[in-house]
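Q: Predicted model follows, preceded by the sequence.
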Amino acid sequence: MRAPRRAPEPVQVVKQRRDSTLRALVDGVPYIQFLGIEFERRGDELTGILPFDQKLIGNPLLPAIHGGVTAAFLEVTAIITLSWTYLWADVESGAIDASGLASGGMPRLPKTIDISTDYLRSGLPRDAYARARIVRAGRRYASVHVEAWQDNRDRLFAQATGHYLMPDRRE
Amino acid sequence: MADRDKIAQQFMEALPHSKALGMRLVDMKDGCATIDMPYDEKLVGDPETGVIHGGAVSALMDTCCGAAAMCHPKNLGGTATIDLRIDYMRAATPGQRITARAECYHVTRSVAFVRATASDEDADNPVAAATGAFTVEGGR
């Protein structure tokens, strides 16, 4: 006879755990708040959102989003997505307490080694979106590709590839 | 300072995002630019250590490399970034100003090639390096 299957967790418990993990990763970082970057979550998929703001303008004549803002947006999306993926299994299993993450319980996170950004079109004065794909995550290094668009998902205005140093698990 | 450089400096100071980060044009001449940025708590990437976010260093590098491309004698107008790669060598020391120095080392009719380094007060030990390609206007 099979052992009785455990009842699935209530959906609110699952959502609460995932959303508080994401909030702990994003809300505590002053620079992410300064740029106004937000994240939307569908299951484990994250989308970075950069709502347009006047202070993000680089060239007031066009006007266009500052290339540094575009680079920063891609960089933030890449590292948050990588950190989120890195934490995912431990948060889901309960090995990491999601509710304690915001109050100093955050483990060491990946660090950027380098990032290379391609500017494909000028960033228009409207909201931008970005999604990152982890191409490879090894024990020590990870490679992440990230794409950003504005009006049309297929018309990227920038893309980047970054390399990351993963935290030492023994610490 | 030539009129063209003066115009470029005024233009730099008119960039809303560079202004929001407190960037200051220190020098801009013949394809070389120096721009610095003060430490600011709103630019912190790691609240536990107070280290500035890499993205803010990227914004400084992009501005500085763009300025170097713009003030090269062979570039007649504005410029836009084609690509920019940044290597993060170490964390910038919290509380210290970051200074970027960029050099536009080659210009063709269409492309300006630029490299840059960024340091905090320990100038011999850079925090980041960058290489990039920028558009050249008025060449063709």
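A: Done, it's in.

Q: which residues does the closest residue to residue B:119 other than its chain neighbours contact?
A: Of all residues not flanking residue B:119 in the chain, residue B:126 sits nearest, at 4.9 Å (CB to CB, 6 or more residues apart in numbering or on different chains). In this view, the C-beta of every residue, glycine as well, is placed from N, C-alpha and C. By CB atoms under 8 Å, 6 or more residues apart in numbering or on different chains, the residues touching residue B:126 are B:89, B:117-119.

Q: Which member of the residues you listed is positioned nearest chain A?
A: residue B:89 (9.3 Å; CB to the nearest CB).

Q: and chain A, which of its residues are near chain B?
A: Residues of chain A lying near chain B by CB under 8 Å from any CB of the partner chain: A:28-35, A:54-60, A:66-69, A:71-73, A:75-76, A:106, A:111-119, A:122.

Q: ok, 6 Å please
A: Proximity of chain A to chain B (CB under 6 Å from any CB of the partner chain) is limited to residues A:28, A:30-31, A:34, A:54-58, A:60, A:66-69, A:71-72, A:75-76, A:112, A:114-119.

Q: just to revisit the earlier point, so which of the contacts of residue B:126 wins on neighbours?
A: Scoring the contacts of residue B:126 on neighbours with other CB atoms under 10 Å in any protein chain shown, the highest-scoring entry is residue B:118 at 26 neighbours.

Q: Touching, it and residue B:102? I think so.
A: No: Residue B:118 is not in contact with residue B:102 according to CB atoms under 6 Å; the separation is 9.4 Å.

Q: Ramachandran angles for residue A:80?
A: Phi and psi for residue A:80, reported as degrees, to the nearest 10, are phi -70, psi -40.

Q: what's the answer for residue A:113, then?
A: phi -90, psi -50.

Q: Count the neighbours of the closest residue to it other than its chain neighbours for me.
A: Residue nearest to residue A:113 in three dimensions, not counting chain neighbours: residue A:163, with 4.4 Å by CB to CB, 6+ apart. By other CB under 10 Å, 18 other residues sit near residue A:163.

Q: Check residue B:97 too.
A: 14.

Q: How much space separates it from chain A?
A: The gap separating residue B:97 from chain A is 17 Å, by CB to the nearest CB, to the nearest Å.

Q: And for residue B:15?
A: 5 Å.

Q: Isn't that residue up against residue A:58?
A: Yes: if you go by CB under 6 Å, residue B:15 and residue A:58 touch, sitting 5.5 Å apart.

Q: Name the residue in those two with the higher neighbour count.
A: In this view residue B:15 and residue A:58 are compared by other CB under 10 Å, and residue A:58 has more residues nearby, 25 against 20.

Q: Settle this for me: that one is touching residue B:16, isn't it.
A: No: in this structure, residue A:58 is not within contact of residue B:16 by CB under 6 Å, at 7.6 Å.

Q: My read is that residue B:115 contacts residue B:131, right?
A: Yes: if you go by CB under 6 Å, residue B:115 and residue B:131 touch, sitting 4.8 Å apart.

Q: Helices along chain A, start to end?
A: Along chain A, counting by DSSP state H, helices occupy A:11-27, A:30-35, A:67-93.
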